[in-house]
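Chemist: 3D, please:
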Amino acid sequence: MKKINLRELYPDVYTTDFFVDVTEEVMETIRAAERAEAAYERKMYRYKAQYSLDCENGIENAVLLKPQTPEMVLEEKQF
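Modeler: Residues are numbered from 1 along each chain as shown. This is a model prediction of the structure:
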């Protein structure tokens, strides 16, 4: 059994140190999740994918607009 500090995992909930015994399987799962998150952050940084669609340059609007169907174009021309 390994001891983990819940304050490190949940800093908003635990303001003081709170140690809990966990099995090796749980510890390995926590470590795997931390490694996956670190790899994701490295990947975002390397490929400069840290930009959001909320950067106010019109990207989000272009994604939301759907191409018009021929029926819609015909209706617009009639009106």
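Chemist: quick one: least confident helix or strand in this structure?
Modeler: helix 59-64 (a mean of 64; mean pLDDT, DSSP states H and E).
Chemist: Tell me which residues of the helix or strand that that one is followed by come out buried.
Modeler: Per DSSP states H and E, helix 59-64 leads on to helix 70-78 as the next helix or strand towards the C-terminus. Buried positions in helix 70-78, judged by neighbour count with 16 or more other Cβ atoms under 10 Å: none. Backbone N, C-alpha and C define where each C-beta goes, glycine included.
Chemist: What lies in contact with helix 70-78?
Modeler: If you take Cβ atoms under 8 Å, 6 or more residues apart in numbering as the criterion, helix 70-78 is touched by residue 68.
Chemist: Send me that helix as PDB with only the CA atoms.
Modeler: The C-alpha trace of helix 70-78 is given here as PDB (Å, rounded to 0.1, in the frame of the first residue of the first chain):
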ATOM      1  CA  PRO A  70     -29.600  24.900 -53.600                       C
ATOM      2  CA  GLU A  71     -33.200  25.200 -52.200                       C
ATOM      3  CA  MET A  72     -32.100  27.900 -49.800                       C
ATOM      4  CA  VAL A  73     -30.400  29.900 -52.600                       C
ATOM      5  CA  LEU A  74     -33.500  29.600 -54.800                       C
ATOM      6  CA  GLU A  75     -35.800  30.800 -52.000                       C
ATOM      7  CA  GLU A  76     -33.500  33.900 -51.400                       C
ATOM      8  CA  LYS A  77     -33.500  34.700 -55.100                       C
ATOM      9  CA  GLN A  78     -37.300  34.500 -55.200                       C
END
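Chemist: Quick one: mean pLDDT for it?
Modeler: On average, the pLDDT along helix 70-78 is 87.
Chemist: for stretch 7-18, same thing?
Modeler: Per-residue scores along stretch 7-18 average to 92.
Chemist: With stretch 33-50 instead?
Modeler: Averaging pLDDT along stretch 33-50 gives 84.
Chemist: For that stretch, what is the distance to the chain centroid?
Modeler: 10 Å (Cα atoms, centre = their mean, to the nearest Å).
Chemist: Before I go, just wanted to say thanks for your time.
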